[in-house]
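Student: no FASTA, just this:
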């Protein structure tokens, strides 16, 4: 269910949310008109509609805050990884000349893998990118071990190993940021709350004998667009709002060639 939801195009989600919310408003309005024709007086309906809309606003703000926090986490992870790769490459220039070439070559390949990590959205490609990243990390650690054995008291070697360790740590932090998303239950509850709020709003209109179908549709589309934007922020691999890998591209272009 979660995978199906994650792979659904945003346009479909926008249309589905708008139809559900507008349908709830129309249903509420019809029920309100029926109650109005029956002569029922329900003065507290407006209060219920206002409370439901207030709850919706609170939930939208909460969900938006969660989505933005996760977006910022993914963006910061890309910047941290670019800095870690750059530092590792420059510390590699302090190593013996025969070790520099292979290490820098593996760092270049590692950076290219990280630029396209999991893009376009494909769970199989993501698994392959992670596997290749871990393979390159293992190769770099083997070279670091060999250099350390040759000069165990070397300060440049010590700094290179520390930077390589930080690069590995950032790898896991970035994966965690990619996997950390707003729970599906929160997004479903957001849509259901919007339907309830607009249903009460439509009922409050109908009970007075009014029917503002155009305004309800416009409001439903606006709420659906907000929900779609939250979903877009929540998706790391696709959509209109994506984290740019430019920091990693810049790091790849700035990698030294060695001596």
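Tutor: Received the coordinates, thanks. Computed from a predicted model, the values in this text were never measured in an experiment.
Student: And stretch 39-58, what's buried?
Tutor: For stretch 39-58, a neighbour-count test (16 or more other CB atoms under 10 Å) marks 45, 46, 48, 49, 52, 53, 56 as buried. In short, each C-beta sits where N, CA and C put it, glycine included.
Student: Stretch 168-185 now?
Tutor: Quick answer for stretch 168-185 (16+ other CB under 10 Å): 168, 170, 171, 173, 174, 175, 177, 178, 181, 182.
Student: need those in TSV with secondary structure and pLDDT, can you?
Tutor: What follows is the buried residues of stretch 168-185, written out as TSV (DSSP: H, G, I helix; E, B strand; the rest coil; pLDDT from 0 to 100):
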residue	secondary structure	pLDDT
168	helix	92
170	helix	94
171	helix	93
173	helix	92
174	helix	92
175	helix	91
177	helix	89
178	helix	87
181	coil	83
182	coil	85
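Student: any idea which of those is closest to residue 67?
Tutor: Of all the buried residues of stretch 168-185, residue 182 has the smallest distance to residue 67: 5.4 Å, by CB to CB.
Student: Where does pLDDT dip in the protein?
Tutor: 1-7, 41-43, 258-259 (pLDDT under 70).
Student: for it, longest helix please?
Tutor: In the chain, taking DSSP state H as the definition, the longest helix is helix 45-92.
Student: Which strands and helices lie in contact with that helix?
Tutor: helix 97-115, helix 155-179, helix 184-207, helix 213-233, helix 246-253 (3 or more CB pairs under 8 Å, 6 or more residues apart in numbering; DSSP states H and E).
Student: Point out the most buried one among the ones you listed.
Tutor: helix 184-207 (a mean of 21; mean count of other CB atoms under 10 Å).
Student: Report the angle between it and helix 45-92.
Tutor: Angle, helix 184-207 to helix 45-92, by axes from the mean of the first three to the mean of the last three CA atoms, to 10 degrees: 150 degrees.
Student: which residues does residue 78 contact?
Tutor: Residues in contact with residue 78 (CB atoms under 8 Å, 6 or more residues apart in numbering) are 174, 243, 244, 245, 247, 248.
Student: Closest to residue 113 out of those residues?
Tutor: Among the contacts of residue 78, and counting by CB to CB, the member closest to residue 113 is residue 248, at 9.9 Å.
Student: contacting residues for the closest one?
Tutor: 78, 81, 82, 85, 111, 114, 115.
Student: which one of those residues is nearest residue 121?
Tutor: Closest to residue 121, out of all of the contacts of residue 248 and judged by CB to CB, is residue 115, at 15.6 Å.
Student: Residue 166 versus that closest one, what's the distance?
Tutor: Separation of residue 115 from residue 166 (CB to CB, to the nearest Å): 19 Å.
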